[in-house]
Every structure is written in C-alpha cells, then in structure tokens.
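[1] Take a look and give me a structure for this.
(2 chains)
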Amino acid sequence: DAGITQSPRHKVTETGTPVTLRCHQTENHRYMYWYRQDPGHGLRLIHYSYGVKDTDKGEVSDGYSVSRSKTEDFLLTLESATSSQTSVYFCAISGTKNIQYFGAGTRLSVL
Amino acid sequence: DQQVKQNSPSLSVQEGRISILNCDYTNSMFDYFLWYKKYPAEGPTFLISISSIKDKNEDGRFTVFLNKSAKHLSLHIVPSQPGDSAVYFCAANSGYALNFGKGTSLLVTP
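    Alright, predicted model coming up:
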C-alpha cells in the first residue's frame, strides 16, 4: 500500500454523530487525497491537500472537512454523519501531480 | 458531469485471450491518463499510465493506447489470466486531482 495506513478500517456509527477518519503516510509525499467510492459512481474526490495546512475542495466536499497539521497525516471529518455518507473511503498520496497511490480503504456505515 | 466514461460495466474473457477495456473522455485539457486495478476489499492499485504526448505505452502484458483526436484510450491485456479478474478504473489528470471513470469489471474465465 505504498506506506499508507488508513484507520479505522471499518466503522459503524449513528446519524448525527461526528466521525474522523485518519490517513497516515510514511513516504513524505506532498499531496494527499480523500475519495469515496459508491456503486455506480466510481471514485469521487472529496478533498485534497497540497501541503501542510493547504487543502482544497473536491467534487463532493459538502458535509466533510479535512485537516493536515503534519506532512504524514490527513484527517477527514464528518461533522454530523448522515446515511448518505455510508461509503468506502480511500486515502491516496502522490509525490507528483500524476500517479496516486491508494490506501486499503475505510468502510463506513451510518445507521 | 462525468468527464471520464467507461461505458462497459463488465467484460468476460477466456483465459489466454486478449482483454480490451475502453475509456472515453471529454476534457481536451487532460494531459495524463492512468489505469488502476481494484480487487474487492482492497484499495486501487496503479497499473499503467500514458502521457498525452504519446500514443502507446507498454508494460509486460499490459498496453495502453491513446487516441487524442477521438478522446479515447484503451487498455489491452495479453494474454489474460484468471488473476486479472478485477475492476479496472480509467483516470485522467486534471491539475492536482484525478477524474475517474465508473470502472469495468473484468472476469477472466479458465
């Protein structure tokens, strides 16, 4: 997994609760990304980071926030989880702007 | 608005034959294209890529062809093996982000 660790790997939570997913890399790559994968949609970008404290929104950013206080960690927060945020979440890293390497994913269920 | 399209949700091929996976895109500003392979319960794995200045890139059994005028790329797998059974995603680079297609599920039968 190219030195990428996602935690937790599985989580079940209730509607309205806050949830934070963590992505940790050991590659010292500049760029980090959060995607979600849903049936019939492929992978869609939520947020990305191009450096410490430098983040930007992706295609499906509503309801999500991110933080990057260290090069190695990129956190994705669902402030108040909804059932529509049930999905598989993937973190990716990149040393250049082209090839991205993905973590193993976090399966999130919001009941 | 899907800028990268994989119009075949699934493909079945016999072992030893060629698998051809197709991808179309709409944004002429894309300058780098990638294919990822994904097994169930795992993250996508980078497979092969091609820059827009080339029309072909080969890596072992995998070859990617790019036709810029048609805004079309394809992935050829020769010969196909049962272990190639997976979902394949086409992606195109747009600035910092990748735009993904919805994927094609390839099944290679013995």
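[2] and A:Gly105, what does it touch?
    Contact analysis of A:Gly105 by CB atoms under 8 Å, 6 or more residues apart in numbering or on different chains lists A:6, A:9, A:37, A:88-90, B:41-43. (C-beta placed from N, C-alpha, C; glycine too.)
[3] Just the terminal-to-terminal distance for stretch B:72-90.
    11 Å (CA to CA, to the nearest Å).
[4] pLDDT on it, on average?
    The pLDDT scores in stretch B:72-90 average 97.
[5] Report whether it contacts chain A.
    Yes - counting by CB under 8 Å from any CB of the partner chain, contacts between stretch B:72-90 and chain A involve B:Phe89.
[6] Of the contacts of A:Gly105, just say which sits nearest to B:Gln3.
    A:Gln37 (17.3 Å; CB to CB).
[7] How about chain A: which residue is closest to chain B?
    Per CB to the nearest CB, A:Phe102 is where chain A lies closest to chain B, at 3.6 Å.
[8] I'd like to know how many residues surround that residue.
    By the criterion of other CB atoms under 10 Å in any protein chain shown, A:Phe102 has 23 neighbours.
[9] Mind checking which of the contacts of A:Gly105 are buried?
    Among the contacts of A:Gly105, those scoring as buried are A:6, A:37, A:88-90, B:43 (criterion: 16 or more other CB atoms under 10 Å in any protein chain shown).
[10] Tell me which helix or strand in chain B has the weakest average pLDDT.
    strand B:97-100 (a mean of 90; mean pLDDT, DSSP states H and E).
[11] Give me the sheet partners of that one and which way each runs.
    Sheet pairing of strand B:97-100 (DSSP bridges) gives strand B:86-94 (antiparallel).
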